[in-house]
Structure formats: C-alpha cells, structure tokens
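**Q** give me a model of this one.
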Amino acid sequence: MSEIYGLHAVLAVLEASPGRIRALHVQRGKGSSSKQAVVIQAREAGIRVNFVDRSWLDRKVDGAHQGVVADCHDTLLADERTLESVWGDLPSPRLILVLDGVQDPRNLGACLRSAKAAGVQAVLLPRRKSAPVNAVAIKTAAGGAEGLLIVEVGNLARRLKWLQQQGVWVIGAAGEAESPFFASDFSADSALVVGGEEKGLRRLTREYCDQLVSIPMTGGMESLNVSVAAGILLFEAVRQRG
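**A** Numbering: from 1, shown residues only. A predicted model of the protein is given here:
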C-alpha cells in the first residue's frame, strides 16, 4: 500500500485506474475547483472520501499534498514477458525510454512525466540500482506514471540487444560523444538511453548502443540533470516525427 498525493497525481489515478484507490483523504474547508472535482470523481467511482485536518495530511505525507491524499494499491511494474507480448501492438514508429540507474525518485518521476508527454510507449528500468516507483516519484510525475508501460528489466544489456533485434535504433546520451543529438535520426523505431545522476551510462550499456549523442552546452556547464536531458532528447524525437 502506498500514498499518492497532489491534485494532478491523484486526478490522474482517478481517471486511469480508480480501482487502485482504497480511500481518499481531503483537507477540510473551502477548496479549489480542482479539489472539488477530485472529490466528485472519487464519489462517482464509489471511493470512500474522508475529510480531515491539514495537520493530519501533513503527518501522513510530510506536506506538499495540496489538500488531497489517496491510499492506493502499489503501482505494478510490467515484466519483460509483458513487453514482448504487447510489442507487436505498439504503434510505429515506436519510442522507448531506457533509464540506466536513475537513483533519485524525483528524477525518475520527472522522466516519467516527460515520457508520457512525448508519447513514449514503454519505459525500461533495471531491476537493480534504480529508484523505486514510489509515492515521491508518482507525485513528481504528476500523472505521467498512469497508463504508462513501465517495465522492470533483469539484464539491461540483454534487453537492449533484444530491442536491436526488433529493428530498434538504440541511442545513448553521453556528454563526451562527438555527435550532437539533433544530428541523429529519430524517425524510425528508437530507444533513448540515459544514465544515472553520477556516472551516466554504464560501460556495458554503452557497448550495446548503436550511437552515442551529446547535448552541446555553453557557459562552462559539463552536464544536465538526467530528467532535463531525457526531456530534450524525447522532444527532439517528437519534433522530427512531426
């Protein structure tokens, strides 16, 4: 069981999978129209709504809840067999996001939000050395995690090889790469791979990329936050695909 909090995150769960919500806790007093809409939608879905003091919500999720907290069944990650079974049904050109060791749940949530906005069909996460898809990640995603195919991968290098066998062009982000991202062709089936906050892509992951690209920067900066880099690359694919 986990808590999802914040107006956008809770509303996204209500719209995509209301069966996950066991109870909704709402701050007493006059609320915004968005909060009232959440209450109405929850009641229409048959979800129990409890009105509580702000201090109760603060204790439950350490603030930043915008007056609404939902008790939810945990987000279930898909396995690799699920990815293989639905692969043929994913619309082409496919766009896949691969996160190689993102440790901060806030960065993970921001990546999921960008992925959903860019129309990504699947996000691949390694089973080890990856931030959990927990309440913090879901809150940061602000609805981006709902309805998104998030796949937990046992061996990332092996799965990248499988993607290549399906005709997917695997593009990794590396600061030292000579090729700028905008010179790459994202028009066909593509998988964008970004690394963790400290070390970037792991050696074996790099070896399984068809191409490494960089994001040119000025002002003495050497790197970007992983979620910012992921957003730039994803929306370059969106731009190229028209």
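**Q** which strand or helix spans the residue nearest to the spatial centre of the chain?
**A** Nearest to the centroid of the C-alpha atoms of the chain, with distances taken as C-alpha atoms, centre = their mean, sits Leu112, at 1.5 Å. Using DSSP states H and E, Leu112 maps to helix 105-117.
**Q** same check, this time on Val194
**A** Going by DSSP H and E, Val194 is in strand 190-195.
**Q** can you list the strands that that strand pairs with?
**A** Applying DSSP bridges to the sheet, strand 190-195 is found paired with strand 95-100 (parallel), strand 169-173 (parallel).
**Q** could you chop the protein up by domain?
**A** 2-72, 80-240 (automatic domain parsing).
**Q** rank those by pLDDT, which is bottom?
**A** Mean pLDDT per stretch puts domain 2-72 lowest among the domains of the chain, at a mean of 88.
**Q** and the nearest residue to Glu146 once chain neighbours are set aside, how many neighbours?
**A** In this structure, Glu146 finds its nearest non-sequential neighbour in Ala16, 3.8 Å apart by C-beta to C-beta, 6 or more residues apart in numbering. All C-beta atoms are positioned from the backbone trio N, CA, C, and that covers glycine. Taking other C-beta atoms under 10 Å as the criterion, the count of residues near Ala16 is 13.
**Q** from Ala45, how far out is Ala16?
**A** Distance of Ala16 to Ala45, computed by C-beta to C-beta, to the nearest Å: 12 Å.
**Q** just Gly31 next, same as before
**A** Gly31 is 18 Å from Ala45, by C-beta to C-beta.
**Q** which one's more surrounded, the two?
**A** Legend: neighbour count by other C-beta under 10 Å for Gly31 and Ala45, higher for Gly31 (18 against 13).
**Q** how about the helices in the protein?
**A** 7-16, 33-44, 54-61, 80-86, 105-117, 135-141, 156-165, 203-207, 226-240 (DSSP state H).
**Q** list the buried residues of the last one.
**A** By neighbour count on 16 or more other C-beta atoms under 10 Å, the buried set for helix 226-240 is 226-227, 229-234, 236-237.
**Q** let's have these in JSON lines, adding distance to Asp89.
**A** What follows is the buried residues of helix 226-240, written out as JSON lines (distance: C-beta to C-beta, whole Å):
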{"residue": "Val226", "distance to Asp89": "29"}
{"residue": "Ser227", "distance to Asp89": "28"}
{"residue": "Ala229", "distance to Asp89": "29"}
{"residue": "Ala230", "distance to Asp89": "25"}
{"residue": "Gly231", "distance to Asp89": "26"}
{"residue": "Ile232", "distance to Asp89": "29"}
{"residue": "Leu233", "distance to Asp89": "25"}
{"residue": "Leu234", "distance to Asp89": "21"}
{"residue": "Glu236", "distance to Asp89": "26"}
{"residue": "Ala237", "distance to Asp89": "20"}
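**Q** thanks a lot, see you next time.
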